[in-house]
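>>> with the input below, show me the fold.
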Amino acid sequence: MVKTTKNGESLDELTLNTRCKKYIMKQFIFITCFIFFSLYSYSQTIYFSGSINEDTTWAADTVKVIGDVTIHSSAMLTILPGTYIEFQGHFQIGIHGTIEAIGTETDSICFTINDTTGFHEIDSIYGGWHGLRFSSWRVDTSLISYCKLEYAKGTDGLPGYTQDDMGSAVYCTHSNLSISHCVIENNNSVASGAVCFENNSNSKYNLVSKNLIRLNKTHFYGAGVYSYVSSPQIINNRIFQNYAEDMGGGILCSGSTPLISSNLICNNKSGYSGGGIAISWGSTAKVVNNLICNNSGSSSGGLIISSSDALLANNTICNNLAYNGSGGGMGVSGSNIDVYNSIYWGNSANMGQQITIWSGCTINFNNCNIEGDSSSFYLPQGPFIGSYNNNVNENPNFVYPSAGSGINYNGYNSDWSLLQNSICINSGSPDTSGLMLPEQDVYENERIVNSIVDIGAAEYQSLQRVKLNDEHFRLLVFPNPANESVNLSIANMNRQEIQIIITDLNGRNMFNEFINCDNLFFNKNIDLSSYMPGVYCITVINKNKIINTKTFIKR
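From the prediction side, this is the model:
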């Protein structure tokens with residue numbers, strides 16, 4: 001006979017239920033404790049110095065570095081998102097093995113100093129840490145992503161020039177390294193940039209991509225990125241307001257084979273030459289699809305190319321300043337260069353406002369827009385040698401260019417896109433093979449809209465050129481920067497309901513509206529009078545899927 005309770009349950013069932021409840025409660029307590037202790041361990045502060053001889057993870061909220069750290073060749077250091085790494089003095093992380101510091105867009109990793117007193121005295125060790133210094137000789141690639149690297153100092157504090165004086169935030173030799181989606185700012189070095197590659201040409205992977213590199217300074221070369229006998233790929237970065245007392249305010253490559261593509265290189269300065277870029281001393285460079293605007297140098301305000309071979313394609317080189325010499329846009333000496341589909345306009349200098357060509361050069365210009373045409377070239381040491389084919393001399397008609405030349409005008413926040421009446425539209429080389437053009441222009445729009453590439457770094461995105469069978473949504477935002485209102489023009493090929501959201505940089509919704517589109521093209525004017533000055537993001541959503549995003553600036 002089975003005994004039952006008043007509720008009709010058998011005693012066996014009651015016992016089983018009780019045991020289940022107790023088991024579930026124990027599991028709940030265990031999981032709760034596990035989560036609590038995990039969160040506790042992740043929120044703690046740890047102090048570290050010395051050697052890392054085996055695979056190690058930094059998972060603490062704050063890591064205070066109290067001495068030099070060395071990652072040995074057999075070890076990997078993994079740093080979790082959200083970790084705050086605070087150096088307590090001029091210490092470094094020396095990487096002979098591998099490091100993976102991979103944050104996220106919303107939870108980055110920060111490398112900084114505890115006290116910036118003395119930081120601006122470049123030759124002293126005070127006020128800054130000594131950077132991430134790679135020398136691994138390993139096949140593995142170290143990854144630095146979604147990190148902030150600030151207040152590093154490339155110096156040993158002693159007279160003379162040694163390896164310790166090179167590179168402030170990152171120094172890399174004989175190593176495979178990828179740096180992406182990072183903010184690299186306010187770093188100083190004696191000899192070379194915030195990111196420095198030296199004797200790294202035998203490495204298979206030197207990538208600097210989608211970073212913000214600004215407000216860095218060096219006594220000598222390449223304040224933003226420096227490359228010596230290396231092969232870096234410098235792609236899709238925003239490099240601005242860096243200062244080299246000698247050459248290469250934004251980038252300097254010496255004896256190197258760099259790919260410099262799709263970067264915004266603006267408002268950098270050099271005390272000598274190459275305010276934006278310097279290519280020198282036996283380099284073979286590809287400089288493609290870049291905005292090189294409002295940089296300043298004593299000479300060669302935009303870029304200097306000396307004793308090197310270079311391919312320049314689809315660059316917009318405008319409003320640069322040579323404030324004490326020649327070659328406002330570009331200076332060239334002892335080099336062989338092919339230039340395609342590029343704009344030289346609004347640059348300024350005492351002589352050779354757009355281009356200065358010194359001796360020993362052969363330069364071929366093809367399908368470019370050059371202010372003043374070839375008659376404006378400054379040729380202090382002899383005649384022009386090269387070819388000059390299918391070039392024009394007419395105002396490019398940019399949407400919103402900077403108001404003047406040099407670093408005192410904001411080239412970075414200007415809009416170098418082409419207006420509908422620009423001579424540059426569909427005027428590039430019909431054959432772009434070999435030009436290394438990416439699929440997107442410098443503003444990450446389609447690079448070739450109507451089978452013929454435009455001149456310059458920004459492709460005109462005419463709605464009339466969107467094919468009717470194209471399933472994508474196209475979004476234009478103008479004017480940008482905007483004042484009291486902004487216009488949205490949307491090509492909605494499928495005539496479907498869309499949602500438009502505007503958010504500020506803190507993620508707050510400023511505008512949210514569903515729109516039924518019966519026509520192929522839709523225009524919307526949005527009042528910005530209540531918006532604070534700043535950067536805003538426009539997102540277009542269809543069927544709960546983000547199908548296009550753009551940013552604009554409210555003045």
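>>> what's around residue 509, how many residues?
9 (other Cβ atoms under 10 Å). C-beta here means a position set from N, CA and C on the backbone, and glycine is covered the same way.
>>> residues touching it, list them.
501, 502, 503 (Cβ atoms under 8 Å, 6 or more residues apart in numbering).
>>> number of nearby residues for the closest residue to residue 315 other than its chain neighbours?
With sequence-adjacent residues excluded and distances taken as Cβ to Cβ, 6 or more residues apart in numbering, residue 315 is closest to residue 342, at 4.5 Å. By the criterion of other Cβ under 10 Å, residue 342 has 30 neighbours.
>>> repeat that for residue 512.
Look at residue 512: counted by other Cβ under 10 Å, it has 12 neighbours.
>>> that one belongs to a strand?
Yes - with DSSP: H, G, I helix; E, B strand; the rest coil as the criterion, residue 512 is assigned to a strand.
>>> surely it meets residue 526?
No - Residue 512 is beyond contact range of residue 526, at 11.4 Å (criterion: Cβ atoms under 8 Å).
>>> so what sits against both of these two?
Taking Cβ under 8 Å, 6+ apart as the contact criterion, the common neighbours of residue 512 and residue 526 are residue 502.
>>> residues in contact with the residue nearest to residue 315?
312, 313, 314, 315, 316, 317, 368, 369, 455, 456.
>>> I'd say the second one and residue 364 touch.
Pointing back at residue 313 there. No - between residue 313 and residue 364 there is no contact under Cβ under 8 Å: 11.8 Å.
>>> settle it for me: which of these two has more neighbours?
Ranked by neighbour count (other Cβ under 10 Å), residue 313 and residue 364 place residue 313 first, with 26 against 14.
>>> restricting to C-alpha, output stretch 444-459 in CSV.
This file holds the C-alpha atoms of stretch 444-459, laid out as CSV (Å, rounded to 0.1, in the frame of the first residue of the first chain):
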residue,chain,number,x,y,z
GLU,A,444,33.8,54.1,-46.5
ASN,A,445,31.4,54.6,-49.3
GLU,A,446,31.5,52.7,-52.6
ARG,A,447,34.8,53.4,-54.3
ILE,A,448,33.7,53.2,-58.0
VAL,A,449,30.1,54.2,-58.4
ASN,A,450,29.7,54.5,-62.2
SER,A,451,32.4,52.2,-63.6
ILE,A,452,34.9,55.1,-63.8
VAL,A,453,36.7,56.2,-60.6
ASP,A,454,36.5,59.8,-59.5
ILE,A,455,39.6,61.9,-59.0
GLY,A,456,40.5,62.2,-55.3
ALA,A,457,39.9,60.1,-52.1
ALA,A,458,36.1,60.6,-51.9
GLU,A,459,33.8,59.1,-54.5
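>>> starting at the chain centroid, how far to it?
Mean-position distance between stretch 444-459 and its chain equals 20 Å (Cα atoms, centre = their mean, to the nearest Å).
>>> likewise for stretch 411-424?
Centroid separation between stretch 411-424 and its chain, computed with Cα atoms, centre = their mean, is 20 Å.
>>> buried ones in that stretch?
411, 412, 413, 414, 415, 416, 417, 418, 422, 423, 424 (16 or more other Cβ atoms under 10 Å).
>>> the second one in helix, strand or coil?
Counting by three-state DSSP, the backbone at residue 412 sits in coil.
>>> please parse the protein into its domains.
For the chain, the structural domains run 1-43, 45-220, 469-554, going by automatic domain parsing.
>>> just the terminal-to-terminal distance for the second one.
Using Cα to Cα, to the nearest Å, the end-to-end distance of domain 45-220 comes out at 38 Å.
>>> find me the pLDDT at residue 7, would you?
We have a pLDDT of 46 for residue 7.
>>> name all residues that make contact with residue 186.
119, 150, 151, 215, 216.
>>> how about a cut-off of 7 Å?
150, 151, 215 (Cβ atoms under 7 Å, 6 or more residues apart in numbering).
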